[in-house]
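> Quick one, structure for this:
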Amino acid sequence: MNILIIDDDLGIRETLGVALETLGHTVSRVVNRAAAEKKLKAETFEVAFLDIRLGAENGLDLLPDLLRLSPRLAIIMITAYASIETAVTAIQRGAFDYLPKPFKPAQIEQLLERVAKTRRMEARISELEAQLVNPGMDVELESTSDPATRQLLEVVRKGATSHATVLIHGESGTGKSVLARKIHQWSPRAQEPFVTVSCPSLSRELLESDLFGHIKGSFTGAIATTWGKVAAADRGTLFLDEIGELPLEVQPKLLRLLQERTYERVGESKIHMADVRVIAATNRDLKQAVAAGAFREDLLYRLDVFSLRMPALRERPNDILAIAESQLRQLSNQAGKNMAGFSEAARHLLQRYSWPGNIRELRNAIERAVILCAGDVLDVRDFPATLTEGAAAPPFLGGEYSTEEIEAEHIRQVLARKTSIQETAEVLKMDRSTLLRKRKSLGL
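As a prediction, the model looks like this:
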């Protein structure tokens, strides 16, 4: 953590500073109010040790002023003149805790661990509040009846227990962020923060700042010093959504974070440590991006330690109705309606449509239907015309596709739906050895 010591006693400043630096923290030392306020205006600190007696100044009077400058600052009052009255006053004015002199290194370490635990709890509460406000596509993966997805989850459970970097491939809207959160929940870091950075959503400058933080005045609009999401994810998981959109200028900094676990904020030369597990997701072919010069090859190798592929919704035909019903429960609650489910015709429609936009498209279609539906059962007429047009014939038929492409897609979908090669061969009216040969040649 970045820690500020405010004490007029040189011996205390140096002794406490050395103890804190030994524990791995970054320390700044000042002697009075003016110097403390100047530091807080220039930098972000997580903890301040404030002496109650600062020469002619009173630390208790300074305490609320420091909190106005830095509301999230954990201030620990220190004094050689300890009393219950001053301790109560300090807590009432916003102090995190109270430490009487002389103190031992173990006491300091325990206090700082409490600060870190409180910060992690606050981050976890913020994350849960955000999920309540915007549940998004949070469908339950564990209830899948699709064999390929079940196999994927078995692999994920094993990989989640490690600290290895994860790269999730998959089309847009397949639920890569849901899978990333599952990895976090099944990992040893489950009680720590899960922090998301959307790589396509910001300009290069703002994305770099969002990731690593910045110093006040380091660029136009930097009106205050911030720590960034790498620091927010400390001890937890940093999820980089659509990593293929990460600007080339930012990629070396991410590579350094992965290789050395260190980073620098924008406009600052001070090196910070980061204990984060990185999970990245992409809907792009990163090898093609490397060939095109849009993505660093060494960064791809660092990211692609534990590689996963999230299947498209059309590859999970047995899951479509279960996902649809899960989304309907969420969306009808949000709309204040009590929807009973789907008509038989609507269920047939949902299963026949190819869902090129995957779960996100399914969610949007159901949300529209919930708004338009006059009763408590969603019917075909409540869904967009694009669905009924797209479901009029099986996917690919009549389109600009070769017979080889149609055959490959048909084999893939039957493989995804059936639990064994033998069952698949029976549906396709194909002998088992031919199916195995075709599957290998098609890379299925």
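> For E43, give me its contacts.
Shown in contact with E43 (Cβ atoms under 8 Å, 6 or more residues apart in numbering): N2, S28, I215, T225. All C-beta atoms are positioned from the backbone trio N, CA, C, and that covers glycine.
> Okay, and which of those map to strands?
N2, S28 (DSSP state E).
> Include neighbour count when you put the contacts of E43 into CSV, please.
Below are those laid out as CSV (neighbours: other Cβ atoms under 10 Å):
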residue, neighbour count
N2, 18
S28, 18
I215, 21
T225, 22
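> just the contacts of E43 now: which is nearest R157?
Closest approach between those and R157, by Cβ to Cβ: N2, at 36.9 Å.
> Would you mind naming the residues that bridge with the closest one?
Beta-bridge pairing of N2 under DSSP bridges involves T26.
> what pLDDT does it get?
Confidence at N2, expressed as pLDDT, is 86.
> from now on call the first residue 49
Done: numbering now begins at 49, and the last item shifts to N50.
> circling back to that earlier point, what's the closest of the contacts of E91 to R304?
Using Cβ to Cβ, I263 is the member of these that lies nearest R304, at 18.2 Å.
> Which residues are in contact with that closest one?
I263 touches A90, E91, A270, T273, R313, V314, G315, E316, counting by Cβ under 8 Å, 6+ apart.
> just P248 next, same as before
E290, E293.
> could you redo the last one with a cut-off of 10 Å?
L255, D289, E290, I291, G292, E293, L294 (Cβ atoms under 10 Å, 6 or more residues apart in numbering).
> on that earlier part again, from the contacts of I263, which ones fall inside helices?
Judged by DSSP state H, the subset of the contacts of I263 located in helices is A90.
> list the contacts for Q233?
Q233 touches A208, Q239, F242, T285, counting by Cβ under 10 Å, 6+ apart.
> Compute the number of surrounding residues for the closest residue to A90 other than its chain neighbours.
Excluding its sequence neighbours, the residue lying closest to A90 (Cβ to Cβ, 6 or more residues apart in numbering) is K264, at 6.6 Å. Residues lying near K264 (other Cβ atoms under 10 Å) number 14.
> how much space is there between K264 and E94?
Look at K264 and E94: by Cβ to Cβ, to the nearest Å, they are 16 Å apart.
> can you check E363 too?
E363 is 46 Å from E94, by Cβ to Cβ.
> Kindly report the same for T482.
Separation of T482 from E94 (Cβ to Cβ) stands at 64 Å.
> Looking at the two, which one has more neighbours?
Taking neighbours as other Cβ under 10 Å, T482 and E94 compare with E94 leading, 20 against 11.
> so who does that one touch?
Neighbours of E94 in contact, by Cβ under 10 Å, 6+ apart: 49-52, 73-74, 118, 120-122, 160, 163-164, 167, 275, 279.
> okay, the nearest residue to N386 once chain neighbours are set aside: pLDDT?
Leaving aside its sequence neighbours, N386 sits nearest to D424 (Cβ to Cβ, 6+ apart; 6.2 Å). The per-residue pLDDT reported for D424 equals 90.
> now E202
91.
> got a list of what it touches?
Contact analysis of E202 by Cβ under 10 Å, 6+ apart lists nothing.
> With T192 as the reference, measure out to it.
Look at E202 and T192: by Cβ to Cβ, they are 11 Å apart.
> In the stretch 349-492 of the chain, where is pLDDT below threshold?
Within the stretch 349-492 of the chain, the stretches with pLDDT under 70 are 438-449, 461, 464-467, 490-492.
> Can you show me the helices along it?
368-382, 392-400, 406-420, 433-438, 451-465, 469-476, 480-490 (DSSP state H, counting those that start in this stretch).
> The second one packs against which elements?
Counting by 3 or more Cβ pairs under 10 Å, 6 or more residues apart in numbering; DSSP states H and E, the packing neighbours recorded for helix 392-400 are helix 368-382, strand 389-390, helix 406-420, strand 425-426, helix 433-438.
> Mind listing what's buried along it?
A394, R395, L397, L398, R400 (16 or more other Cβ atoms under 10 Å).
> try stretch 411-429
Across stretch 411-429, burial judged by 16+ other Cβ under 10 Å covers R411, A413, I414, E415, A417, V418, C421, L426, D427, V428.
> again with stretch 334-344
L334, A337, V338, A342, F343, R344.
> Make a markdown table out of those and add pLDDT.
A markdown table is the format used below for the buried residues of stretch 334-344 (pLDDT from 0 to 100):
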| residue | pLDDT |
| --- | --- |
| L334 | 94 |
| A337 | 94 |
| V338 | 95 |
| A342 | 93 |
| F343 | 95 |
| R344 | 96 |
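> quick one: the residue of the chain most remote from its centre and K86, what's the gap?
Ranking residues of the chain by C-alpha distance from their mean position (Cα atoms, centre = their mean) puts A104 at the top, at 48.0 Å. Separation of A104 from K86 (Cβ to Cβ): 19 Å.
> likewise K335?
Taken as Cβ to Cβ, the span from K335 to K86 is 51 Å.
> From A339, how far out is the residue nearest the centre of the chain?
The chain has T244 as the residue nearest its centroid, 2.9 Å off, counting by Cα atoms, centre = their mean. Remark: distance between T244 and A339 (Cβ to Cβ) = 28 Å.
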